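Kindly return the folded structure for what I paste below:
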Amino acid sequence: MPRLRTLVLVTLALAGGAWLLSQRPRAVLQEETEAGSIRVVERRDGVRELYLGTGRGRQTALHPDRPDRLELPYTRVAMAALATVREDPRILFVGLGGGAMPRYVRLLLPEARIQVVELEPRVVEVAREWFGFRTDSLLSVHVGDGRAFIEAAAPGSWDLVVLDAFSGAAIPERLTTREFLEAVEASLATGGVVVSNLHTTFAEYGSMLATYQSIFPGVILLDVPRRRQRILLAGPAALLDRESLLSGIRALEARRDPGFDLSGTVEWGFELPEPATDEVLRDPRPFGGA
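Below is the predicted model:
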């Protein structure tokens, strides 16, 4: 009898271990490129996750057949910016990842004209192959440097600019400086807004906040639930006070169902930051410059 009991326990343990292994995400793509590592992981529920570089943070989480669902909390909070634009806005995303946010906005605002600029051509290929990303007459993707793309744009090109470019676990330094944000501000139409995803763990977090405040009259933060992240919105102060933003979000929710409680998320996480005292980030001086 003891031997039988031991056999049963061993069998149950093996079965339990096999079940746990079956629940674990599996890597469906892993490769090294000149720009760093690219890894795609698929969960048992069909959601695929994209990891770029050496960081552990996910650049994308998306079910290829459910582009109307945003899986990552920060992407849901970032959609608050849609309350500041009209029904047919011109939107630029800097950084594609798996394309979760552009695809979502394409469905939520079918008249929006969306452009995406992505530095790495292989990321665009992976978005197409593994995340169902597709372009059409109103959604286009450009392979190239996001900063150069913005600097070459005509003034007033976009109503909304979403900065979501990550290199590993950090934002590229050249996308954080005052000179870059001056170019972003010039590329925005009257009343335009820029959105950025910031980690509060970044060493330069305070300086990044100070840099935005040095350019834009209105800067607000939206806390991301259960994450050390904040979504920053910058633009006209009149659009970004708490009541104006919430009013715009409720009007958006009345027209379109975002699929989650956007107004509740923003109402809970809204923060009007004090003026930052950290040093404003600047481009490095040219060699020999004064």
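
end to end, how far does stretch 208-223 reach?
16 Å (C-alpha to C-alpha, to the nearest Å).

Count the residues that sit near residue 221.
Counted with other C-beta atoms under 10 Å, residues neighbouring residue 221 total 17. All C-beta spots, glycine's among them, are computed from the backbone N, C-alpha and C.

Just to be sure, it is in a strand?
Yes: the assignment for residue 221 by DSSP: H, G, I helix; E, B strand; the rest coil puts it in a strand.

Would you mind measuring from it to residue 231?
To residue 231, residue 221 is 7 Å away according to C-beta to C-beta, to the nearest Å.

swap in residue 76?
Taken as C-beta to C-beta, the span from residue 76 to residue 231 is 9 Å.

Same question for residue 133.
Distance from residue 133 to residue 231, by C-beta to C-beta: 22 Å.

residues contacting the residue nearest to the spatial centre of the chain?
Residue closest to the average C-alpha location in the chain (C-alpha atoms, centre = their mean): residue 164, at 4.4 Å. With contact set as C-beta atoms under 8 Å, 6 or more residues apart in numbering, residue 164 has these partners: 78, 93, 94, 95, 97, 101, 196, 197.

can you do 7 Å?
93, 94, 95, 97, 101, 197 (C-beta atoms under 7 Å, 6 or more residues apart in numbering).

same deal with residue 70?
With C-beta under 7 Å, 6+ apart, residue 70 has these contacts: 76, 100, 104.

and the second one, how many residues sit next to it?
Number of residues near residue 100 (other C-beta under 10 Å) recorded here: 26.

residue boundaries of the strands in this protein?
Secondary structure of the chain by DSSP state E: the strands cover 26-33, 36-42, 48-52, 60-62, 90-94, 113-118, 139-143, 158-163, 188-199, 218-223, 229-235, 270-271.

Need the contact partners of the fifth one.
The one in question is strand 90-94. 101-102, 105, 112-117, 146, 157-165.

my guess is residue 270 contacts residue 223, does it?
No: using C-beta atoms under 7 Å, residue 270 makes no contact with residue 223, being 8.0 Å away.

returning to that earlier point: if I look at the residue nearest to the centre of the chain, how far off is residue 100?
Counting by C-beta to C-beta - residue 164 and residue 100 are separated by 10 Å.

same question, residue 258
14 Å.

of the contacts of residue 164, closest to residue 39?
Nearest to residue 39 among the contacts of residue 164: residue 97, at 12.5 Å, using C-beta to C-beta.

Return the distance of stretch 40-60 from the chain's centre.
Its chain's C-alpha centre and that of stretch 40-60 lie 14 Å apart, by C-alpha atoms, centre = their mean, to the nearest Å.

End to end on it, go ahead and measure it.
End to end - C-alpha to C-alpha - stretch 40-60 spans 9 Å.

So which residues lie in contact with that stretch, not counting its own?
Against stretch 40-60 from outside (C-beta under 7 Å, 6+ apart): 23, 25-29, 36-39, 61-64, 71-72, 97-98, 100, 126, 130-131, 166-169.

are any of those buried, and which?
38-39, 61-64, 71-72, 97-98, 100, 126, 130-131, 166-167 (16 or more other C-beta atoms under 10 Å).

Most widely separated two among the residues you listed?
63 and 167 (25.8 Å).

Now do the same contact list for residue 89.
Taking C-beta under 7 Å, 6+ apart, one finds 109, 112, 159, 160 in contact with residue 89.

Let me fix that, I meant to ask about residue 114.
91, 102, 105, 106, 138, 139.

in the sheet, who's paired with it?
Listed beta-bridge partners, residue 114: residue 91, residue 139 (assigned using DSSP bridges).

neighbour count winner among residue 76 and residue 231?
residue 231 (26 against 23).

I'd guessed that one sits against residue 77; true?
Yes: the criterion here is C-beta under 7 Å, and residue 231 meets it with residue 77 at 4.7 Å.
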